[in-house]
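Student: Here is a sequence with its predicted model. Questions after.
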Amino acid sequence: MTALPGGWAASLAAILGGVALGAAAMAGWYSWRGPDRAATEAIVRDYVLNHGEILPEAMKRTQDRQAAASVSRHRSALETPYHGAWAGAADGDVVLVEFFDYACPYCRETNADVDRLIAEDPRLKVVWRELPVLGPNSEAAANVSLAAARQGRFRQFHARLFALGRPTQATLAQAMAEAGVSAEAQSPAARAELARNIELARAMEASGTPTFVVGDQVLQGAVGYDALKAAIAAARGSRS
């Protein structure tokens, strides 16, 4: 996964804050029963030390709640594609959003999974969001990809460039020629789209590319076909 600054520290702080509140509540209860605060804190500390497995579970639940709230706030922006950077059902009942980088090998690896899901699920809509974080070649590829989206050639360019490997001047030129994409100067709209995608990725606490958003879930990394299919089913089930 292509690394991005994450929000795990905030999640951990929230969890530890919850533990502290729980300890305070227990302290009040035990104070009424008799033992002093120090004894109560010792009980809580011993419990956490002897049941450390609850912390990852608590962190996961906290992260899931935070992710669902963030997705809900930004759903319209997430699910509205940039021109033709989407595929599947125009009015799909579930939207799968992917933040990706053409230079990211994990994005290239997961592309076949996304194509399979589109082919198998006639009610699914996929929206791609450019997140070029691996340097100048990533940025150049993203700019051409946005031009392809404006020209109605996104899927063709997307497939060809991933098939050719990492973006370089040569592979970009070949993918453009084979997909029928004309060269364009970067437009203000394209710059605004990239800036918006960065802000959306931060709001999702994306830790790298690829990052998927579906339903109320945020999935980090090349999670694979089965995980994506399960998330789509869960999103569809929550709507029924």
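Tutor: Looks like it came in fine. Numbers count the residues shown, from 1 in each chain.
Student: residues in contact with Glu184?
Tutor: 147, 150 (C-beta atoms under 8 Å, 6 or more residues apart in numbering). Where you see a C-beta, it was placed from the backbone N, CA and C, and this is true even at glycine.
Student: Name the SS class of it, please.
Tutor: Following DSSP: H, G, I helix; E, B strand; the rest coil, we place Glu184 in the coil state.
Student: Please enumerate the helices of this protein.
Tutor: 8-33, 37-50, 54-79, 105-120, 136-150, 154-164, 169-179, 188-203, 225-239 (DSSP state H).
Student: Which one, of those helices, ends up nearest to Ala85?
Tutor: Smallest distance to Ala85 across the helices of the chain (C-beta to C-beta): 4.1 Å, for helix 136-150.
Student: so how far is the closest one from its chain's centroid?
Tutor: What separates the centre of helix 136-150 from the centre of its chain is 20 Å, taken as C-alpha atoms, centre = their mean, to the nearest Å.
Student: Need the residue closest to the centroid of this structure.
Tutor: Centroid check for the chain by C-alpha atoms, centre = their mean gives Thr211 as the closest residue, at 3.0 Å.
Student: what would the helices of the chain look like in JSON lines with mean pLDDT and distance to Gly88?
Tutor: Output for the helices of the chain, formatted as JSON lines (pLDDT from 0 to 100; distance: least, C-beta to C-beta, whole Å):
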{"stretch": "helix 8-33", "mean pLDDT": "44", "distance to Gly88": "32"}
{"stretch": "helix 37-50", "mean pLDDT": "76", "distance to Gly88": "46"}
{"stretch": "helix 54-79", "mean pLDDT": "76", "distance to Gly88": "12"}
{"stretch": "helix 105-120", "mean pLDDT": "97", "distance to Gly88": "5"}
{"stretch": "helix 136-150", "mean pLDDT": "97", "distance to Gly88": "15"}
{"stretch": "helix 154-164", "mean pLDDT": "98", "distance to Gly88": "10"}
{"stretch": "helix 169-179", "mean pLDDT": "98", "distance to Gly88": "19"}
{"stretch": "helix 188-203", "mean pLDDT": "96", "distance to Gly88": "20"}
{"stretch": "helix 225-239", "mean pLDDT": "95", "distance to Gly88": "11"}
